[in-house]
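Student: based on what follows, work out the 3D shape:
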Amino acid sequence: MTLKIAQVGMGRWGQNWAKNPIPTVEELEVVAWVDASAESLREARTELDLDPDRCFLSVDEMLGTVDVDGVLITAALPGHVPVAEAALKAGKHVLTEKPFAPSVADAQRLVDLADRQDRVLMVSQNYRFFPAPRLAAQLTADQSVGALYAVELVFRRQIYEPPARHAALVQPLLMDMAIHHFDLLRMVLGREPEAVYCHSWQPPTSKFNDPPAAAMVVQFGGGIVVTYQGSWVSTGPVTPWAGEWRMECTEGEILWTSRGGSNGSIEGDWVKVRKPGAAEKNVPLPTLRHRGRAGSLAAFAETVTSGNAPDYTSLGRDNIGSLRFMQAAIKSAAIGKPVEIGD
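Tutor: The predicted structure is shown next:
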């Protein structure tokens, strides 16, 4: 069965979705395109050679004109909730870009609506769909190197001239980027965060309006402690997008990184195990049919058509945990105190 979807959000990032991951997933067919900006829609029509009769300036107009099974939201964050709400009320399944919603309350409202409508609501946490984090999660769950008790995670980039939209974001590291790392921590550790103490700051080289660098200590269930440091404007060596991980276990260490390439490439993915008195060992990576955003799309199609979500899929209800984690870190940075992360 081919899932017919509409794509909402046809700016530069939406066009990237249309050119790269979408064509690789045979289970999906995009039959309509929506953007509230006439200029963006016009550019997308030209760039992607879209059928003008299938291009719309509003979700409501599209839903009233074209028969679709689901909606893919690639619009900016302010559009996530209203578009998802309109689609769910119309009985459509929804896959949305991260972050899920501006607040936990908004996300919870959408999850409850999806339940009432018996529709799939999924968040594209595309970093889950790479081999290195999958293997790290398996090694952690199997306790292949003993019980995990500490994690060091470092992320560095050198965005000295940020685009205007990104420069204006509130807490640009924590909200726009670290949400990936927060979500990976929950997936790889198989546990939920209980408290976070976060400090963010403005390095001298920053042209962001809000702090693009942060450090934090996170307490996870089971007594696991995570230290995290990230920066958009570091002068240190650039890391892969998933960051560099060092996971201390009772019988050794798990070292890994992911997303060194682009558009689903597994270039740079690796996992190593180091045990006391022994040399590091590379651990063979699992093979994934679809990676990155294509993995999210394929998981969405499978969940809708079969009724069963593949392992590690970020359904809306589960993804609230990552959103809650992110918002607790932002609050901690604002008040300068630890914040407990409740249900």
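Student: got the domain ranges for this protein?
Tutor: As recorded under automatic domain parsing, the domains making up the chain are 3-119, 128-288+323-340.
Student: who wins for proximity to residue 316 among the ones you listed?
Tutor: domain 3-119 (4.7 Å; CB to CB). Heads up, the C-betas are built off the backbone N, CA and C, glycines and all.
Student: measure the closest one end to end?
Tutor: The first and final residues of domain 3-119 sit 14 Å from each other (CA to CA, to the nearest Å).
Student: thinking again about what came up before, output the domains of the chain as JSON lines; include the columns mean pLDDT and distance to residue 294.
Tutor: Putting the domains of the chain into JSON lines (pLDDT from 0 to 100; distance: least, CB to CB, whole Å) gives the following:
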{"stretch": "domain 3-119", "mean pLDDT": "96", "distance to residue 294": "4"}
{"stretch": "domain 128-288+323-340", "mean pLDDT": "95", "distance to residue 294": "5"}
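Student: just so I know, which of those lies nearest residue 297?
Tutor: domain 3-119 (4.5 Å).
Student: returning to what we had before: need the domains of the chain in CSV with mean neighbour count and distance to residue 306, can you?
Tutor: Below are those laid out as CSV (neighbours: other CB atoms under 10 Å; distance: least, CB to CB, whole Å):
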stretch, mean neighbour count, distance to residue 306
domain 3-119, 19, 11
domain 128-288+323-340, 18, 17
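Student: name the SS class of residue 83, please.
Tutor: Per DSSP: H, G, I helix; E, B strand; the rest coil, the secondary structure class of residue 83 is helix.
Student: tell me the contacts of it?
Tutor: Going by CB atoms under 8 Å, 6 or more residues apart in numbering, residue 83 touches 8-9, 59, 71, 73, 75, 96.
Student: in the stretch 101-250 of the chain, which spans are strands?
Tutor: Applying DSSP state E, counting those that start in this stretch to the stretch 101-250 of the chain gives strands spanning 121-124, 148-156, 193-201, 213-220, 225-231, 244-249.
Student: okay, these in a markdown table with distance to residue 260 next?
Tutor: Shown next, in a markdown table, are the strands of the stretch 101-250 of the chain (distance: least, CB to CB, whole Å):
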| stretch | distance to residue 260 |
| --- | --- |
| strand 121-124 | 20 |
| strand 148-156 | 13 |
| strand 193-201 | 26 |
| strand 213-220 | 21 |
| strand 225-231 | 16 |
| strand 244-249 | 11 |
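Student: just so I know, which of those strands lies nearest residue 131?
Tutor: Minimum separation from residue 131 across those (CB to CB) falls at strand 244-249, 13.9 Å.
Student: any idea how far whichever helix or strand comes after that closest one is from the middle of the chain?
Tutor: Per DSSP states H and E, strand 244-249 leads on to strand 252-257 as the next helix or strand towards the C-terminus. Relative to the centre of its chain, strand 252-257 is centred 22 Å away, using CA atoms, centre = their mean, to the nearest Å.
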